[in-house]
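# here you go, sequence then predicted model.
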Number of protein chains: 2
Amino acid sequence: MKKIINNVEDIVPEMISGLVKTNSDLVRQIEGTTAVVRNDEKFKNNQQVGVVSGGGSGHEPLHAGYVGDGMLSAAVAGEVFTSPTPDQIYEAIKAVDQGQGVLLIVKNYSGDVMNFDMAKEMAEADDIKIKTIVVDDDISVKNSEFTQGKRGVAGTALVEKIVGGAARSGMSLDDLAKLGQSVIDNTKTIGIALHAATVPAVGHPGFELEKDQIEYGIGIHNERGYAVEKIQPSKKLAHELIEKILEEFKDQTGQFAILVNGMGGTPLMEQYIFANDVLKELDDKKIDVEFSKVGNLVTSLDMQGLSLTIMKANDEFIKYLKEPVTTIAW
Amino acid sequence: MKKIINNVEDIVPEMISGLVKTNSDLVRQIEGTTAVVRNDEKFKNNQQVGVVSGGGSGHEPLHAGYVGDGMLSAAVAGEVFTSPTPDQIYEAIKAVDQGQGVLLIVKNYSGDVMNFDMAKEMAEADDIKIKTIVVDDDISVKNSEFTQGKRGVAGTALVEKIVGGAARSGMSLDDLAKLGQSVIDNTKTIGIALHAATVPAVGHPGFELEKDQIEYGIGIHNERGYAVEKIQPSKKLAHELIEKILEEFKDQTGQFAILVNGMGGTPLMEQYIFANDVLKELDDKKIDVEFSKVGNLVTSLDMQGLSLTIMKANDEFIKYLKEPVTTIAW
């Protein structure tokens, strides 16, 4: 394993330290934690509902890269592919609550769900109002190694963008939770891998594929997918993922949003070629794409591959997706 | 070779098509070319000097990702690792000239220098005022396979940011060229690779390194560097690059800017850990870093590795580095 790191056990604190030092106008670290919170002038006493997310590290820029005006109030980083602890999440909640309550955005993994739930109880004991939404956009497999139900993957970035925008606009905690759930219900993702990720503490790729093989339906923690097959041209890959995702949307009228998300080791060049094929096919199908985005938004360390997210949107979703935000990475 | 592409010969047009379709509010394609130009409302009749850059593809988001308000007016994409043709550059110049002239930002490779020079002559025949600056920030080797003199690498993004900001503020063509040259003279970069890039038309990595080896001083086209050695912890890598770069700056007082640039296949996690080590060492040396940035800004396809750029800055450089811009990728 070749990685640009020091000691394996220092990876997350050193990463957060690097992120905070290079973005001190946007974020600060919450003392004694690997959580970061907004540090901009607008944040102080902005009287909005706090929005907190977090999860295992290794998916950068998720979540810390999305902390800022119009998106997250704070983000909590666990060890690589490991849930953050309840006390760290609790500290983040306390750092952002301004009396309007706090919404927690949790990806659907058993550890995350449990630890965010414990932090919620700790905060409620302090009379902080908390609501939780659980993102489970990955439709490729029904259950997986670390989940009950579907996994939360790249769609999480879109949920954070929409909910964060609505929070900035002054939406109440109850309405934010409803909006977030509605976004989740309308957001579907499938990923493919050309090469698995190498977790630093493990030292080798999570699984092996032959030189001409890809895997459909992988997760962002090297969870296996639904098929291993020979790699196809980009337009055939796009067709496969689009067909699978559109099965989930009975009504294909109205507005849609898409995200082509790189897994960390795949060049932007390939992501744009794939996005071109996706948009061509959706255009042929007369599907109205009102928002699209391409890039390494929710990664899996050095995994080679990408995911496609399709969201059935409405005017409100599109408005918040398009609004400018001030974050490190959106 | 596993890549998410269709036909190798369609890579660049399909990539540009994907980029333009997913960012049509920011950029449009110049008909008959793989060049993109600003498409925002502010651009129309903004009476600023045009700023055009370009070069071979495979370095995304450079250059098209930096087209927008406050940065480039247009960007011209050649084939992978191949200069764009003079006629494409000429079309981009014509698309952005508003009577104030056009500055060309060229990376120092023989093909780019020659083709931008021919485009300059074509534009001058139309009475368009043109100045050219040539970026040669890579101090790791004196000459290289495709250059006379030093190569132009990641510092190019910083040059585009500063010059683009100054152009927006209304600076004249002559002053912009002087400013740009001054930025170039004060910008120094060295890169390291853990794994070479695979050019799609070639089908295999440009060079091979052993499982525990890295190469110091590589270029962004698989050009070889100055040493192949065993990988070291991040802080030792940071020390090696800092020492080499600081030899170039006799005067280490005043303000500095840094860029930690991922080569395309290296996770953001490792880039932040490395940035943390760089900033720690510069802080120990009492070097005042007033601006820092981390990310995949100037890549080399799927190369694993990163580069460090250090710029001796002044108030003007720092101001333009920090100003918000509206681009796909800054």
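Perfect, thanks for sending it.

# per-residue confidence for residue A:145?
According to the model's per-residue confidence, residue A:145 sits at a pLDDT of 69.

# helix, strand, or coil at residue A:53?
Following DSSP: H, G, I helix; E, B strand; the rest coil, the label given to residue A:53 is strand.

# name the nearest residue to it, sequence neighbours excluded.
Counting by C-beta to C-beta, 6 or more residues apart in numbering or on different chains, the nearest residue to residue A:53 once its immediate chain neighbours are dropped is residue A:105, at 4.1 Å. Placement of C-beta: from N, CA and C, glycine included.

# wasn't the one you found part of a helix?
No. Secondary structure assignment (three-state DSSP) places residue A:105 in strand, not in a helix.

# so, low pLDDT: which residues of chain A?
The model of chain A has pLDDT under 70 over residues A:145.

# strands of that one, residue ranges please.
Listed from the start of the chain, chain A has strands (DSSP state E) covering A:27-29, A:35-38, A:50-57, A:74-80, A:102-107, A:130-135, A:187-195, A:213-216, A:227-230, A:255-262, A:288-295, A:304-313.

# okay, now the sheet partners of the last one, with direction.
Spelled out, it's strand A:304-313. Applying DSSP bridges to the sheet, strand A:304-313 is found paired with strand A:187-195 (antiparallel), strand A:255-262 (antiparallel).

# tell me how far residue A:8 lies from residue B:306.
Counting by C-beta to C-beta, to the nearest Å, the separation of residue A:8 from residue B:306 is 19 Å.

# before we move on, back to that, quick one: closest of the strands of chain A to residue B:19.
Distances from residue B:19 to each of the strands of chain A were compared using C-beta to C-beta; the shortest belongs to strand A:288-295, at 7.6 Å.

# dump the strands of chain A to a markdown table, plus mean neighbour count.
Conversion of the strands of chain A to a markdown table gives the following (neighbours: other C-beta atoms under 10 Å in any protein chain shown):
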| stretch | mean neighbour count |
| --- | --- |
| strand A:27-29 | 21 |
| strand A:35-38 | 26 |
| strand A:50-57 | 28 |
| strand A:74-80 | 26 |
| strand A:102-107 | 28 |
| strand A:130-135 | 21 |
| strand A:187-195 | 27 |
| strand A:213-216 | 20 |
| strand A:227-230 | 12 |
| strand A:255-262 | 25 |
| strand A:288-295 | 19 |
| strand A:304-313 | 26 |
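
# residue B:99 is nearest to which of those strands?
Among the strands of chain A, strand A:288-295 comes nearest to residue B:99, with 34.7 Å by C-beta to C-beta.

# for residue A:191, give me its contacts.
For residue A:191, the contacting residues are A:138, A:140, A:153-154, A:217-220, A:225, A:261, A:263, A:305-308, taking C-beta atoms under 8 Å, 6 or more residues apart in numbering or on different chains as the criterion.

# for it, name its beta-bridge partners.
According to DSSP bridges, the residues that bridge with residue A:191 are residue A:307.

# where's it relative to residue A:244, distance?
Between residue A:191 and residue A:244 the distance is 11 Å, computed by C-beta to C-beta.

# got the phi and psi for residue A:148?
Backbone torsions of residue A:148, given as degrees, to the nearest 10, read phi -100, psi 120.

# ok, it touching residue A:110?
Yes. Counting by C-beta atoms under 8 Å, residue A:148 touches residue A:110, with 6.4 Å between them.

# quick one: the helices in the stretch 51-200 of chain A, in order.
Taking DSSP state H, counting those that start in this stretch as the criterion, the stretch 51-200 of chain A contains helices spanning A:86-96, A:110-125, A:155-168, A:173-185.

# tell me what the third one is packed against?
To tie it back to what came earlier, the one meant is helix A:155-168. Using 3 or more C-beta pairs under 8 Å, 6 or more residues apart in numbering or on different chains; DSSP states H and E as the contact criterion, the elements in contact with helix A:155-168 are strand A:50-57, strand A:102-107, strand A:130-135, helix A:173-185, strand A:187-195, strand A:255-262, strand A:304-313, helix A:315-322.

# nearest to residue B:133, out of those?
Proximity to residue B:133, assessed across the helices and strands packed on helix A:155-168 by C-beta to C-beta, is greatest for strand A:255-262 (31.6 Å).

# and which of the contacts of residue A:191 is nearest chain B?
Distances from the contacts of residue A:191 to chain B were compared by C-beta to the nearest C-beta; the smallest belongs to residue A:306, at 6.7 Å.

# which ones are touching that closest one?
With C-beta under 8 Å, 6+ apart as the criterion, the residues that contact residue A:306 are A:191-192, A:260-263, A:266, A:270-271, A:274, B:4.

# please redo it, this time with the cut-off set to 7 Å
Counting by C-beta atoms under 7 Å, 6 or more residues apart in numbering or on different chains, residue A:306 makes contact with A:191-192, A:260-263, A:266, A:271, A:274, B:4.

# could these be laid out in JSON lines, adding distance to residue A:53?
Rendered in JSON lines, the data for these read as follows (distance: C-beta to C-beta, whole Å):
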{"residue": "A:191", "distance to residue A:53": "19"}
{"residue": "A:192", "distance to residue A:53": "25"}
{"residue": "A:260", "distance to residue A:53": "21"}
{"residue": "A:261", "distance to residue A:53": "16"}
{"residue": "A:262", "distance to residue A:53": "20"}
{"residue": "A:263", "distance to residue A:53": "19"}
{"residue": "A:266", "distance to residue A:53": "24"}
{"residue": "A:271", "distance to residue A:53": "23"}
{"residue": "A:274", "distance to residue A:53": "26"}
{"residue": "B:4", "distance to residue A:53": "28"}
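
# was I right about residue A:124 contacting residue A:118?
No. Under the criterion of C-beta atoms under 7 Å, residue A:124 makes no contact with residue A:118, lying 10.8 Å away.

# quick check: nearest residue in space to the closest residue to chain B within the stretch 51-200 of chain A, chain neighbours excluded?
In the stretch 51-200 of chain A, the residue found nearest to chain B is residue A:60; the distance is 4.0 Å by C-beta to the nearest C-beta. In space, and not counting its chain neighbours, residue A:60 is closest to residue B:268: 4.0 Å by C-beta to C-beta, 6+ apart.
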